[in-house]
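**Student:** Sharing a sequence plus its predicted fold:
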Amino acid sequence: MRAVDRGAGANPTAARRQRSQASDLRRTVRLFRRFSGSRRVYVLGFVLLALEAGTAVVEPYPIAYLIDFLQGARPELHYLGAQAVLGSVRNDTIFLLTSAVILIAAVNSAADSFTEICMARGGRSLGYSLRVTMYAHLQRLPLGYHDKRRTGDVITRVTGDVLVIEDFVVKSLSNILGSLMVLVGSFVFLLLQSWSVALVALVVVPFLVLASNHYSRRIKSAARTQRDREGDLASTAQEMLSSIRLVQSHGRGTVDLDTFSAQTGQSMFASLRAANIQAEFSFVIALIEAVAIVSVIWMGLWLVDNGLITIGTLVLFILLLQNMFKPARKIVSEWYKIGNVFASVERVDDLLDREVTVTDRPDAVAAPPLQGRLSLRHVSFTYPAEHSDGSAATARPPVLRDVDVDVEPGEVVALVGSSGAGKSTIAQLVPRLYDPDSGAVLVDGLDVRSLTLASLRQQVSLVLQDTILLSGTVAENIGYGVDSPSREDVEAAARMANAHDFIMALPDGYETALGERGSTLSGGQRQRIAIARAFMRRAPILILDEPTTGLDTESAQTVIDALRHLIRGTTTIVISHDPDLVRCADRVLVVSDGRLVESGAAGAPATTTSVRPPARRPALPPGPANSELGEELASRLPGLHLALDEDLVAQRVGESLVGSTHRTCSVSAGSFWLREDGSCSLRYAVRVADAAGVVSDHVLLARVHDDAAASRAYLDGQVRPLLGRRAADSPWSVPAAVLPEAALTLHGFPSDPDLPTLRQAMSPRTVATLAGSHPGEAAPSVEVVHHPRTGPCVLRYGIPGGTNGRDCTDAADRREVVDGTGRTLYGKVYPDPRRGEAVEGLLRALGESPAGRDGRFPRPTLYAPRLRLLVTQALGGEPAIPALLASVLSTPLTADHWRDTEALRTAVRAAGEALAVLHGSDVATAPVHTARAEQEVLRRDLELVAGCWPGTAHRVLASSAALLVEPPESPAVVLSHGDFTPAQVLLDGGAAALVDLDTVCWADAALDLGRFTAHLELLASRYGGQAGRALVRDLVRSFLDAYGAVDRRTATAAAASERIAFYRSASLTRSALNACRQLKEHRLALALSLLESSPGGRADL
């Protein structure tokens, strides 16, 4: 037998196009020729079929001759002139003719039997070759294919569709080919006997062809539908069985049964449709046969009456015609199988035609024993995008961008960062589960693409979050991946993985048979078996991808203890959000938006990136210049594309701004904002190295205009007046510059035309004066906490003990800042000096109220009018609601999950109670904000967005049109926060404090209630999708209940669902419009989905 062809084709795209143009028959023949194995058995089968057909054609002739002989129309038959043997020549003739009938029947039956044997051997060999090739091909297909395809459908292709092809060869092919031979042979024999009768039979052929073509198309369509329905049915059954615990625990058995029942019904109806078409086909063929036989009988009678033929010949004609239609009926009975096999061949061919993207190069060599040195050289990667049929889809945004890192042999490196940042992708490139789009992955200095896949992967071990255990014994699972493991090695590996004790407690110890996927073991036990498997291989490179996720504290600690032994002396990549596991690393790399943005030792602040960013570095959304929003904005601002070309900007920064003693390492763009004047502001995080190689991070503020002239005017009119003298340690030789080709103005932070006093507020002299420092005392510190696109900038001052703070601009306003022990103060620099003064008065009034004495609001320390700087004391607590919400929506259903859920409800209720306290205050003068004012803000923002993105603005307007008609009537106004979101609530134990009171106004209480609700929904949708939306309904109810429980006034406000819904929708609309201005398509999609889920812009609260 020929070796099985395991190739997938040199050019799968061309093959797919060629396949789509080929007929079903050509595709089937091509598949049979490729996988048929030895052709000798088919040749022999064909010869036997020809013999069987020949005997079937001549079988009526002895009978016809006998009839004519008995009527005297045929001569006697002699034994070569010999004397009669049976007493008379008549008896001898009858004996010869009847013997011929027996001999022909015997030869026909023998040929048929041997044909079945040949076809069985050929069909089973074909099925074997197909299954083995498909199995091998599935192992080599990219992970993206397996992620998209339903497992049950793939299994049906490998088993069910191959069985259809195999059974067709074994049971149907011989019937169809033999019937065709009989049909042709009978017609030729009839033509030799009488051309006129043959002509009558020939007239029937066009009707047979027309009927066959008509019904073959319908049968194939029905067969394809039937096979697809069977694939869906298998997928549903497989999914249910693999997730039976989820089905039973959620009580979804009845619902899933209804789904399965509906799919079974569809499969049944598809089968019945095929059977109905087959029955119609049989009826039509029978009708044509009857008409043809009647026609031949009438013509034969005419020929008999005219003495042209004998009665025996007429009988022969009828039998021959029946012989012609007998195979026709057999072909009809097998025709639906042709439709089935065409459909199955198409599904099998579709799988085999999928491109294997990661293969061995022709010159690949086996990997030598590796030391474990890993290097990624400027690696960029984008997951391939394709539809389920294999056709190309719209390109996805890059997942990794210019990643460059080295890992020494035996070093343990942890990758941390938010979900989707690219951590797991980096790890998957090492064993070549994917190949990078650009750059190279090196092991011991060798490009992994120069090594054979098998030899590379033998030296890489993985311990994954989703532990995969196979059906078999515990020992077999531990020894998987090692040839002939000894029992001693298996037990030693289990001991090192802290698994030996629980394995011995199993009914049969190491010989205990595990259920599918190890479902009879706990998560921690499964993970320890996976670690034992890694101990068995002792590969020089180890990848740990979230190995403790979903485990309780005790199990996680046991797993970590085992991992400490496993990683010792092994080059290890750790991907985890577990601080205990991250602390095992020698070095921590922070991954953000596909880039390595920070590196540090374990335990340094970098390890906290998954919870809170280590530094406020502007982050660029994936591909903003190539996004739909970015493309439309670039049509108005042609320089935007160049401004977002980070390599070009880095080069220009090095040429225009950086001094000769420094060099530009990298530039990252972010914080986009479309301004009211049509320009676009953004920021660059710039990494610079000095002559000694010391690296420092800096921020450049930038603005893109319509043309270079506008950029120069902006530089000269607004930027230059703010620029101070160059600091000694500044890397900028020039403080500002214009890149004319991009109409881009660049200048160093903290010079900011929107906040003209920010630079002074951050200067060391000002900070020292504010703190009342004297020469020789410890210098105070200042850092930026939040520099928003618009509005005040938040600063954090570290004031040493023993100093007094004063207003540096007016000695008469000097006030005590600290108590001698040192503390942290917060400052806000305002664009408008009057706003800062108003906020100071408000905070002082609130601080003197009963609610303020409880510490629910910031306490002002001083206000410096010339600096537009308001300094307040630090409040205890953290904005815990967003972090808790993210934790609840990302944590499995463990004790930690329920604990965090209850803590989240408590936090939301505390927010409601704190807001009620503010609404009950009556101590301040503040502007009034009405529903009509809210409408005016929306109209202004809509007009701005429509100028750049008319389609998006139209969609936003369609979702929120009800907001711009007559607004709801507002009751008496209360002192409102004005921009109340979960981030404005600090929680310290059970107490809640409100911050960012710059937007305080007199307004309907529903303004704060609706805005908080909207932002809570946005956060929940961002972290949890539909699951988040289900949770948020309960949180909103807890928030409103806590708010309404304070007194009768708040109870009335909490029940005003129509007004709350109005402000909720208004807040979502503003979020959508702001997302456009920030080029954040994902945030825009979230806001629009929430708006569109509430018809007319109103929510059912």
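**Tutor:** Yep, that arrived.
**Student:** what about the nearest residue to residue 36 once chain neighbours are set aside, helix or strand, and which?
**Tutor:** Among residues not flanking residue 36 along the chain, residue 126 sits closest, at 5.5 Å (C-beta to C-beta, 6 or more residues apart in numbering). (Each C-beta comes from the backbone N, C-alpha and C, glycine too.) Assessed by DSSP states H and E, residue 126 sits inside helix 89-140.
**Student:** So for that helix, mean pLDDT?
**Tutor:** For helix 89-140, mean pLDDT is 82.
**Student:** and it, what other elements does it pack with?
**Tutor:** helix 24-35, helix 40-58, helix 60-70, helix 162-167, helix 173-193, helix 311-352 (3 or more C-beta pairs under 8 Å, 6 or more residues apart in numbering; DSSP states H and E).
**Student:** now it against helix 173-193, angle please.
**Tutor:** 140 degrees (axes from the mean of the first three to the mean of the last three C-alpha atoms, to 10 degrees).
**Student:** still on that earlier bit, the residue nearest to residue 36 and residue 403, how far apart?
**Tutor:** Distance, residue 126 to residue 403, using C-beta to C-beta, to the nearest Å: 47 Å.
**Student:** Also residue 274?
**Tutor:** Counting by C-beta to C-beta, the gap from residue 274 to residue 403 is 54 Å.
**Student:** same check, this time on residue 547
**Tutor:** 22 Å.
**Student:** Residue 556 contacts residue 580, doesn't it?
**Tutor:** Yes - Residue 556 is within contact range of residue 580, at 7.3 Å (criterion: C-beta atoms under 8 Å).
**Student:** what about these two, which has more around it?
**Tutor:** Set side by side, residue 556 and residue 580 show more neighbours around residue 556, with 20 against 14, by other C-beta atoms under 10 Å.
**Student:** Excluding residues flanking it in the chain, which one is nearest that one?
**Tutor:** residue 548 (4.2 Å).
**Student:** list the contacts for that neighbour?
**Tutor:** Under the criterion of C-beta atoms under 8 Å, 6 or more residues apart in numbering, the neighbours of residue 548 are 527, 556, 559-560, 576, 578, 580-581.
**Student:** Am I right that it is in a strand?
**Tutor:** No - Residue 548: not assigned to a strand; according to DSSP: H, G, I helix; E, B strand; the rest coil it is coil.
**Student:** Next, find the distance separating it from residue 524.
**Tutor:** Residue 548 is 9 Å from residue 524, by C-beta to C-beta.
**Student:** what sits in contact with each of those two?
**Tutor:** The contact lists of residue 548 and residue 524 share 556, 559, where a contact means C-beta under 8 Å, 6+ apart.
**Student:** The stretch 651-800 of the chain: strands as residue ranges?
**Tutor:** 662-674, 680-690, 695-704, 736-739, 744-748, 781-786, 793-799 (DSSP state E, counting those that start in this stretch).
**Student:** how about the helices in the stretch 251-400 of the chain?
**Tutor:** Ranges of helices within the stretch 251-400 of the chain are 253-305, 311-352, based on DSSP state H, counting those that start in this stretch.
**Student:** just to revisit the earlier point, so between residue 547 and residue 403, which is more surrounded?
**Tutor:** Remark: of residue 547 and residue 403, residue 547 carries more neighbours, 29 against 24, as counted by other C-beta under 10 Å.
**Student:** quick one: contacts for that one?
**Tutor:** 463-465, 527, 530-531, 559, 563, 576, 581.
**Student:** again, only this time at 6 Å
**Tutor:** 463, 527 (C-beta atoms under 6 Å, 6 or more residues apart in numbering).
**Student:** So it versus residue 263, what's the distance?
**Tutor:** 37 Å.
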